[in-house]
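[1] Dropping the sequence and predicted coords here.
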Amino acid sequence: MSRTEVIEDGWPEALRAIGSALEVEASARASGALRRAVRDGAGLLRLASAYGGGGLSLRQTAAWAAARGVADRSDVALLGRLAAAAGWLGEVAGALPAARLPPGAAGGRRLRLVDGTSVCHPGADRTGWRLHAVLDPGARRLAALELTDGRGAERLSRFAWRPGDVAVADRHHARARELRRVVEAGADLIVRTGWSSLRLRTPAGGTFDLMAGLAAVGDGPAEHAVRVDERRRDGAMPGLRLVIARLPDAAAERARRRLRKDARKRGRTPDARSLAAAGFVLLPTSLPAADFGPERVLALYRLRWQAELACQRLKSLLGLGDLPAKNPDPARAWLDAKLILALLAEDAAGGLAALSPSGGRSRGLALAAHPRRAAEPHRRHPRAVAAAPVARSRRAAVAHPGRAAAATDAPSRRGRRAPNTNGPSW
C-alpha cells in the first residue's frame, strides 16, 4: 500500500470513519477553518492528509489538489489555509480516540497508560512539540491524544478521567494538584514519584520519614499509608498508599551513575538522599489494598512501557521528526494530519483483527492478576532451545575456524542460557 492510497481510493472509507467521531462540516465552519480556497471541511481534511500523511510537499500537494479538483490554489495559498486549520485538525485528531470509548462504561476497571514524547524538526536544539498520549493496553489502541508546543507540560489533567479508570504514569506527572484531579473524578492512579516530588504526611498529619521507610524495605515490596500535603484550606486529598520496592543492584547503580553525571555537569554534589532513593521505586496509589497488594501494583506499573512503545511507534513509522516547516501553525497542521491517519490505520487494523479465528479477542490483562516474576525465565519453544547451541557453534565457526575445529573434539559444556534475574528495566 502506497502512502497516498488513503487519500485516493481509500478516502471515502476514511471520511466515513472520521464522520462517525464528529461532524466534519459543522466543526470546520464553527472553528473558522474554511476560507475561499477550500469551502468544505472534507476537502480541507483531504488536503491536510495529502500534505501531512501522504508524504507530499506543498508544491506537490497543490498540483495533486488541482488535478483531483479538490482546490486550485498555489502552494503559498495552501500553506495559509492549512495554517488557519491547525486548531481544527487538532480537534479532529482528539475526537477519534474519544469516539472509541464505550458510552457510560461502568463496572470493571480500565487501565490507562499515560506517556508523553517530544517531537523536534531536523536540526532543532530544543523540543518543538510534545505529544501527550493515553494507551488502552487491553484494546492496544490510543484512548486519548493531545499535541502541544514544547512548553506544554505533561499533566494528568489534560485528559478526562471517569470512575473505573486506573491512570498509570511516570514521575513527570507526580504533582499534588494533578493527583487530586484524578481522584476527585472517581478514578484511581499509580504514579511513580521521586523522594522530594511530593510532600508526604502520615495519616495523622505528621511528617512521613521516607528515608526510614526506604531503609526498612527488605527483599519484597513494602507499603505505607500516606497523605499528600497540598497546603490547601479546602480539605486534604484522600489517603493514598505508598508502595516501595528495591531495584536490582545493576539498575540502582545505573540510576546513581546518572545522578552523579548530572551533578558534575551542573557543578554540584549529589544529595545523599537522592543517591539513597535511586535504588528504589516509589509508587503512590489510590487502589484499595484488599484487591491490589504491593506486588500487583508493581506489576501494573511495569505495563507502562507499552505507552512508551506506542509513542515511539508513532514517531518512527510516521516520521514525526521530519517536519518540513518550522512555522508553528503549518507544522501543527502537518503533525495533526499524520496523527489522524495513524488513528485511522489503528481502526483499520482492529477491523482486520476481528476477522481472525479468535474474533479479535486477545487474552485480557485482568489488571495483571498473575504477573511474571522477575526471576522467572521467559518461555521458549523447545525447538528454539535445542537450536540455540547449534546456532552459536555456527557463528563461532565462521568467526574462529581453528577454535571451532578444536571444540569439536572436546565434550560440549554448553547448556541452556541462564535466565535473566535482573527483573524489568525501570
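    That came in fine, so what should we check first?

[2] Now do the same contact list for residue 183.
    By C-beta atoms under 8 Å, 6 or more residues apart in numbering, the residues touching residue 183 are 189, 237, 238, 286. Yep, even glycine has a C-beta here, placed from its N, CA and C like the rest.

[3] Roughly how far does the third one sit from residue 282?
    With distances defined as C-beta to C-beta, to the nearest Å, the gap from residue 238 to residue 282 amounts to 19 Å.

[4] When those two are compared, which one has more neighbours?
    Taking other C-beta atoms under 10 Å, residue 238 and residue 282 do not tie; residue 282 has more neighbours (22 against 12).

[5] The more buried one pairs with what?
    Judged by DSSP bridges, the bridge partners of residue 282 are residue 193, residue 244.

[6] residues contacting it?
    Taking C-beta under 8 Å, 6+ apart as the test, what residue 282 contacts is 192, 193, 194, 195, 210, 242, 243, 244.

[7] Could I get the pLDDT score of residue 304?
    pLDDT recorded at residue 304 is 88.

[8] Now it: phi and psi?
    Main-chain torsions, residue 304, degrees, to the nearest 10: phi -60, psi -20.

[9] Surely it is in contact with residue 169?
    Yes - between residue 304 and residue 169 there is a contact at 7.4 Å, judged by C-beta atoms under 8 Å.

[10] what touches both of these two?
    Joint contacts of residue 304 and residue 169 (C-beta under 8 Å, 6+ apart) are 114, 115.

[11] Compare the two and say which one has the larger neighbour count.
    Taking neighbours as other C-beta under 10 Å, residue 304 and residue 169 compare with residue 169 leading, 26 against 21.

[12] what pairs with that one across the strands?
    The partner residues for residue 169, given DSSP bridges, come to residue 191.

[13] That one touches residue 189, doesn't it?
    Yes - with contact defined as C-beta under 8 Å, residue 169 counts as touching residue 189 (7.3 Å).

[14] what's the overlap in contacts for those two?
    Taking C-beta under 8 Å, 6+ apart as the contact rule, residue 169 and residue 189 both touch residue 156.

[15] show me the contacts for the residue positioned nearest the centre of the chain.
    The centre of the chain sits closest to residue 307, judged by C-alpha atoms, centre = their mean, with a distance of 2.8 Å. By C-beta under 8 Å, 6+ apart, the contact set of residue 307 is 113, 114, 115, 133, 134, 135, 168.

[16] Nearest to residue 141 among these?
    Distances from residue 141 to those, taken as C-beta to C-beta, are shortest for residue 135 (7.6 Å).

[17] Regarding the closest one, what are the backbone dihedral angles?
    Backbone geometry at residue 135, expressed as degrees, to the nearest 10, gives phi -110, psi 130.

[18] any idea how far it is from residue 190?
    14 Å.

[19] Show me which of the two is the more surrounded one.
    residue 135 (27 against 24).

[20] in the sheet, who's paired with the more buried one?
    Under the criterion DSSP bridges, residue 135 forms beta bridges with residue 113, residue 142.

[21] Residue numbering should commence at 27 henceforth.
    Will do, 27 is the new start, and the previous item becomes residue 161.

[22] where's it relative to residue 117, distance?
    Plainly put, residue 161 is 21 Å away from residue 117 if you go by C-beta to C-beta.

[23] what do you get for residue 290?
    In terms of C-beta to C-beta, residue 290 sits 46 Å off from residue 117.

[24] Please apply the same query to residue 270.
    In this view, residue 270 and residue 117 are 42 Å apart by C-beta to C-beta.

[25] Residue 367 too?
    For residue 367, the distance to residue 117 - C-beta to C-beta - is 16 Å.

[26] more crowded one of those two?
    Just comparing residue 367 and residue 117: by other C-beta under 10 Å the higher neighbour count belongs to residue 367, 21 against 16.

[27] Show me how far whichever strand or helix holds the more buried one is from its chain's centre.
    Using DSSP states H and E, the element containing residue 367 is helix 354-379. Remark: helix 354-379 is offset 16 Å from the chain centroid, using C-alpha atoms, centre = their mean, to the nearest Å.

[28] Equivalent analysis for stretch 274-287, please.
    Its chain's C-alpha centre and that of stretch 274-287 lie 24 Å apart, by C-alpha atoms, centre = their mean.

[29] Now it: buried residues?
    Residues 274, 277, 278, 281, 282, 285 are the ones in stretch 274-287 that count as buried (16 or more other C-beta atoms under 10 Å).

[30] try stretch 211-230
    So, applying 16+ other C-beta under 10 Å, buried residues of stretch 211-230: 211, 213-219, 221, 223-224, 226-227.

[31] got the contact list for stretch 109-116?
    Outside stretch 109-116, the residues that touch it by C-beta under 8 Å, 6+ apart are 53-54, 57-59, 61, 70-71, 74, 172-173, 353-356, 358-359, 362-363, 366.

[32] residue contacts, the residue nearest to residue 323 when sequence neighbours are not counted?
    Nearest non-adjacent residue to residue 323, counting by C-beta to C-beta, 6 or more residues apart in numbering: residue 269, 4.9 Å away. Shown in contact with residue 269 (C-beta under 8 Å, 6+ apart): 247, 248, 249, 307, 308, 309, 310, 311, 320, 323, 324.

[33] for the nearest residue to the fourth one once chain neighbours are set aside, what are its contacts?
    Of all residues beyond its chain neighbours, the one nearest residue 307 is residue 271 (4.7 Å), with distances taken as C-beta to C-beta, 6+ apart. Residues counted as contacts of residue 271 (C-beta under 8 Å, 6+ apart) are 243, 246, 247, 248, 306, 307, 309, 320, 324.
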